[in-house]
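Novice: return atomic coordinates for the entry below.
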Amino acid sequence: MRQDARENRERILAAAEDVFGTRGAAGSTEEVAQRAGVGIATVFRHFPTKDALIESALLRHYERLGERARALADHPDPAEAWRALVRALIETGATKLTLAATLSDRTQTPAAAMRAAKHLKTAVGDFLHRAQAAGAVRESVTIDEVYLLIRALAQACATAPTPPDTRDRAITIVLDGLALP
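Specialist: Below is the predicted model of the structure:
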């Protein structure tokens, strides 16, 4: 793929994540094209259907979170890396939930997205174990409990506009609750 085509694709995916991740089904491919600075034909040249575009935006979302996890993996402070990763998951969770819910005619999440989600959950589990070994998180906490809390806050933010400072305080409360006293 030519460099300009790769750049167009990336701009389209970023715009789609923003448009469909905030507006859901009310978002349009025309709005994506406009935000990406390309014509609608360019959008459909890369993504033949709206669902293909949304699915690719969801996969991009997981890829970016995976990149964030890899960047934090070498952080010298396991507690700080843990807090940063959980914060990123919650802060972007509403976008992920909205993208997944926007896929039309789907009774289940696409297989590629399921694999990406599983890989990410494994990485988050590794961060959890590392933070627990460092004494930063209660030993009794499981990855399933962490994911339930992440989903709960993400769902709340997806369904009701939440001021960033309120969301940030809620994340801090969750993280403090998981930490050793």
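Novice: so where's the protein uncertain?
Specialist: 1, 104-107 (pLDDT under 70).
Novice: ok, which stretches of it are helices?
Specialist: For the chain, the helices defined by DSSP state H occupy 3-23, 29-36, 40-46, 50-73, 78-102, 111-133, 143-159, 164-178.
Novice: okay if I get these as CSV plus mean neighbour count?
Specialist: From N, CA and C alone the C-beta is placed, and that goes for glycine too. Formatted as CSV, those follow (neighbours: other C-beta atoms under 10 Å):
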stretch, mean neighbour count
helix 3-23, 18
helix 29-36, 19
helix 40-46, 16
helix 50-73, 19
helix 78-102, 20
helix 111-133, 16
helix 143-159, 16
helix 164-178, 14
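Novice: so what's the residue nearest to Thr109 when sequence neighbours are not counted up against?
Specialist: Leaving aside its chain neighbours, Thr109 sits nearest to Ala100 (5.9 Å; criterion: C-beta to C-beta, 6 or more residues apart in numbering). For Ala100, the contacting residues are Leu58, Thr109, Ala113, taking C-beta atoms under 8 Å, 6 or more residues apart in numbering as the criterion.
Novice: so what's the first one up against?
Specialist: Listed by C-beta under 8 Å, 6+ apart, the contact set of Leu58 reads Lys96, Leu99, Ala100, Leu103, Pro110, Ala113.
Novice: distance check, the residue nearest to Thr109 against Ala131.
Specialist: 27 Å (C-beta to C-beta, to the nearest Å).
Novice: the closest residue to Asp126 other than its chain neighbours: what's it in contact with?
Specialist: Leaving aside its sequence neighbours, Asp126 sits nearest to Ala73 (C-beta to C-beta, 6+ apart; 7.9 Å). Taking C-beta under 8 Å, 6+ apart, we find Ala73 in contact with Ala81, Ala123, Asp126, Phe127.
Novice: tell me the contacts of the last one?
Specialist: By that I understand Phe127. Ala69, Leu72, Ala73, Pro78, Ala81, Trp82, Leu85.
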